[in-house]
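Q: for reference, the sequence and a predicted model appear below.
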Amino acid sequence: MIKIYHNPRCKKSRAGLAYLEATPLDFEVIDYLKNPLTKAELKALIQKTALPASELIRTQEEVFKQHYKGKNLSNDAWLEAIVAHPKLLKRPIVEVGVRALWADPAENINQLLPLKK
C-alpha cells in the first residue's frame, strides 16, 4: 500500500498528492498534523528513507528557528523534536513497502511506484 504523509496547507505536499491522484494506484493519505506519529512510527518511517532524521527537518519553520537552529542533535533527539512539533517534518513523504522518500519535487515519487507515468 502506498502512503503519503501529507499536510494540506503545504504547496509541496498538495503537489505530491495531486501527482498520486493522477496515477491509477490506490493510496492512503495520512494527515500527520491531525494524527501525529508516535516516536516509534516516525523512526520506522525515517529509517525507510535511509536518511538521518536531521535531513528531514524543515529549517524554515519558526519552531526550528526558535528552538533548534544551530544545535547538533542526535538522531533520537531529532525524532523527539518532530514528535513534539510535527510541522518540522518535511513533506510530503511517500512510503511504499520498505522504502520511503521525501517527494519534492513530486516526480521523485516515480522512484517508488510500480508504474511509471
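A: Yep, it's here. As the structure is a prediction and not an experimental result, all values here were calculated from the model.

Q: ranges for the strands of this structure?
A: Under the criterion DSSP state E, the chain contains strands at 2-6, 27-31, 93-96, 99-102.

Q: who are the packing partners of the first one?
A: I take that to be strand 2-6. helix 11-21, strand 27-31, strand 93-96 (3 or more Cβ pairs under 8 Å, 6 or more residues apart in numbering; DSSP states H and E). C-beta here means a position set from N, CA and C on the backbone, and glycine is covered the same way.

Q: what does the third one give?
A: If you count contacts as 3+ Cβ pairs under 8 Å, 6+ apart, strand 93-96 packs onto strand 2-6, helix 39-49, strand 99-102.

Q: of these, which is nearest Lys87?
A: With Cβ to Cβ, the closest approach to Lys87 among the helices and strands packed on strand 93-96 belongs to strand 2-6: 12.3 Å.

Q: in its sheet, what does the closest one sit against?
A: strand 27-31 (parallel), strand 93-96 (antiparallel) (DSSP bridges).

Q: contact partners of the shortest one?
A: Defining contact as Cβ atoms under 8 Å, 6 or more residues apart in numbering, one finds that strand 93-96 is touched by 1-5, 16, 20, 45, 48-49, 56, 100-103, 109, 112-113.

Q: ok so, going back, so which of the strands paired with strand 2-6 is the most packed in?
A: Counting by mean count of other Cβ atoms under 10 Å, strand 93-96 has the highest mean neighbour count of these, with a mean of 23.

Q: now distance to Glu61 too, for the strands of the chain, in CSV please.
A: CSV is the format used below for the strands of the chain (distance: least, Cβ to Cβ, whole Å):
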stretch, distance to Glu61
strand 2-6, 16
strand 27-31, 17
strand 93-96, 16
strand 99-102, 15
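
Q: noted, bye for now.
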